[in-house]
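Student: Below are the sequence and a predicted model; questions follow.
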Amino acid sequence: MHLNAPTVLILASGRGERFIASGGSGPKLQAQLGNKTVLQHTLDAVRASALPWHLEDAGHPGMGDSIAAAVRATAQASGWLILPADLPLIQPETLRRVATALADHDVLIPVYRGQRGHPVGFSARCGSALSSLHGEGGAASVVRLYAALELTVDDIGCVSDIDTVDDLRAAEQRLLGT
């Protein structure tokens, strides 16, 4: 990617309480999916995209706080792609497509078969609003401030987050192609 590419913010600060409540034996990001952890799959996809990235894994009280900390840590970025770390099937090409399309828009949301997914892209103009987020709402308030463009993608990985043990099993089936 070009030097002015947005930075992928990989959010790995959550406690994964729904995963444990569903029968998971530990943190969902450390759960095995094939021969790697959920987090390793996500990191591998981001690395394969060739975009700059930042892993935000410090403990934060809510997703908004995680996003704000990550944006402040990468304040010189030309924009950001917000990617929860529990999306192990995300395709590198989806990351690149969102990054490229972001050049002409303030907010970009990938959509798979009518379902909004991740990463949500934000231009540098959104930096101030993103860096002041807090709480559980994530960046929904910033999305509402701007005219978000929906980008149709053919990547079930952008909507396949791991919240429960059943989600992990479904991801395993997709990974195996069964």
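Tutor: Perfect, thanks for sending it. Numbering: from 1, shown residues only.
Student: roughly how far apart are residue 131 and residue 62?
Tutor: 15 Å (C-beta to C-beta, to the nearest Å). To be clear about C-beta, it is placed using only N, CA and C from the backbone, and glycine gets the same treatment.
Student: repeat for residue 166
Tutor: Counting by C-beta to C-beta, the gap from residue 166 to residue 62 is 25 Å.
Student: Have a look at those two and say which one is more surrounded.
Tutor: residue 62 (16 against 11; other C-beta atoms under 10 Å).
Student: hang on, the more buried one packs against residue 136?
Tutor: Yes. The criterion here is C-beta atoms under 8 Å, and residue 62 meets it with residue 136 at 4.2 Å.
Student: which residues are in contact with the helix or strand bottoming out on mean pLDDT in the chain?
Tutor: The weakest-scoring helix or strand in the chain, judged by mean pLDDT, DSSP states H and E, is helix 17-21 (a mean of 87). Contact with helix 17-21 is made by 26-28, 31, 162-165, 168, as judged by C-beta atoms under 8 Å, 6 or more residues apart in numbering.
Student: same thing with stretch 7-15?
Tutor: Residues contacting stretch 7-15 (C-beta under 8 Å, 6+ apart): 29, 39, 42-43, 46, 49, 51-60, 63, 65-67, 70-71, 74, 77-86, 95, 119.
Student: which SS state does the most centrally placed residue in the chain fall under?
Tutor: The C-alpha lying nearest the average C-alpha coordinate of the chain belongs to residue 83 (C-alpha atoms, centre = their mean; 1.1 Å). Assigned with DSSP: H, G, I helix; E, B strand; the rest coil, residue 83 falls in the strand class.
Student: ok, now the one 3 residues further on?
Tutor: Under three-state DSSP, the three-state class of residue 86 is coil.
Student: ditto for the one 4 residues further on
Tutor: For residue 90, the secondary-structure state derived from three-state DSSP is coil.
Student: That one - how many residues pack around it?
Tutor: 28.
Student: shaky segments in this protein?
Tutor: 1-3, 178 (pLDDT under 70).
Student: What segments of it are strands?
Tutor: Using DSSP state E, the strands of the chain run over residues 7-11, 32-33, 36-37, 53-56, 79-84, 107-112, 115-116, 120-123, 149-152.
Student: Tell me which of these approaches residue 140 most closely.
Tutor: Closest to residue 140 of the strands of the chain is strand 120-123 (C-beta to C-beta; 9.5 Å).
Student: Determine the set of other helices and strands touching the closest one.
Tutor: The helices and strands touching strand 120-123, judged by 3 or more C-beta pairs under 8 Å, 6 or more residues apart in numbering; DSSP states H and E, are strand 79-84, helix 92-101, strand 107-112.
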